[in-house]
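In: kindly generate the corresponding structure for this input.
(chains A and B)
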Amino acid sequence: AQSVTQLGSHVSVSEGALVLLRCNYSSSVPPYLFWYVQYPNQGLQLLLKYTSAATLVKGINGFEAEFKKSETSFHLTKPSAHMSDAAEYFCAVSVIGRGADGLTFGKGTHLIIQP
Amino acid sequence: NAGVMQNPRHLVRRRGQEARLRCSPMKGHSHVYWYRQLPEEGLKFMVYLQKENIIDESGMPKERFSAEFPKEGPSILRIQQVVRGDSAAYFCASSPEQGATEKLFFGSGTQLSVL
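Out: Numbering: from 1, shown residues only, chains lettered A, B, ... in the order given. Modelled structure (predicted):
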């Protein structure tokens, strides 16, 4: 069984400030981890993924995430927030050998950017 | 991800009516996945279909819910005799091959409201 916990349903940061969205996972086998973003009135888009290669993963739009096995975490960061980053962010976990039917999503974090 | 088309965007039904949700995958994609997002919850996998076949329906309620992906036309998620607890956002995703989570594209979802 696997699960994902996203801490904070809403996160508010000022434009130009550091963005940190937290994700902790639980998995009985080595996981694959994902971050998706959903802009208003759009579908989910893949931001980045971890599939057991480098623990620091770089994604689109300046986002990156670090896999920390000891902490069972996969937090998403961006050094400097932009107004266009305002969206809903979902962390997800899967396992090797499973496709999209094996994805388990967190409840999402709504990122608010203040001018 | 604008290539995965879901309609309608919003669907209102009264208790006991039927709801039909449609999903047209991206061109060239033959694998379709349906997810449900209940209020304050993450996306939950429901069913995985490949053209004319149900591959995995482990996440779909045993009663009142059915899905199909015919040789021609969109994938349909059908909910019979809807109840208030069916109110949720239903997302469809498609991919060109099994297991290709990095090639998974989501639609914008259908928001079902049951009165």
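In: point out where chain B drops to low pLDDT.
Out: The model of chain B has pLDDT under 70 over residues B:1-2, B:100.
In: residue nearest the centroid of chain A?
Out: When C-alpha atoms, centre = their mean is applied to chain A, the residue found nearest the centroid is residue A:35 (3.2 Å).
In: so residue A:92 touches residue A:108, yeah?
Out: No - the pair residue A:92 / residue A:108 is not scored as a contact, 10.3 Å apart, by C-beta atoms under 8 Å. Just so you know, the C-beta spots here come from the backbone N, C-alpha and C atoms, and that holds for glycine as well.
In: looking only at neighbour counts, state which of these two leads.
Out: residue A:92 (27 against 23; other C-beta atoms under 10 Å in any protein chain shown).
In: partners of the helix or strand that the more buried one is a member of, with directions?
Out: For residue A:92, the host element (DSSP states H and E) is strand A:87-95. Looking at strand A:87-95 with DSSP bridges, its partner strands are strand A:31-38 (antiparallel), strand A:104-105 (antiparallel), strand A:109-114 (antiparallel).
In: closest to residue B:73 out of those strands?
Out: strand A:31-38 (26.6 Å; C-beta to C-beta).
In: past the closest one, which element shows up next along the chain?
Out: Downstream of strand A:31-38 (by DSSP H and E), the next one is strand A:44-50.
In: how about that next one against chain B, any contact?
Out: Yes - for strand A:44-50, a contact with chain B is found by C-beta under 8 Å from any C-beta of the partner chain, at A:44, A:45, A:46, A:49.
In: out of the strands paired with strand A:87-95, flag the one nearest residue A:58.
Out: strand A:31-38 (11.4 Å).
In: what ranges does chain B have for its strands?
Out: B:5-7, B:10-13, B:19-24, B:31-37, B:43-50, B:53-56, B:65-68, B:75-79, B:88-95, B:105-106, B:110-114 (DSSP state E).
In: could you dump those to CSV with mean neighbour count?
Out: Formatted as CSV, those follow (neighbours: other C-beta atoms under 10 Å in any protein chain shown):
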stretch, mean neighbour count
strand B:5-7, 18
strand B:10-13, 15
strand B:19-24, 20
strand B:31-37, 25
strand B:43-50, 22
strand B:53-56, 14
strand B:65-68, 18
strand B:75-79, 20
strand B:88-95, 24
strand B:105-106, 22
strand B:110-114, 18
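In: buried stuff in the strand holding residue A:92?
Out: By neighbour count on 16 or more other C-beta atoms under 10 Å in any protein chain shown, the buried set for strand A:87-95 is A:87, A:88, A:89, A:90, A:91, A:92, A:93, A:94.
In: ditto for stretch A:61-69
Out: Buried, per 16+ other C-beta under 10 Å, within stretch A:61-69: A:63, A:64, A:65, A:67.
In: fine by me, thanks again.
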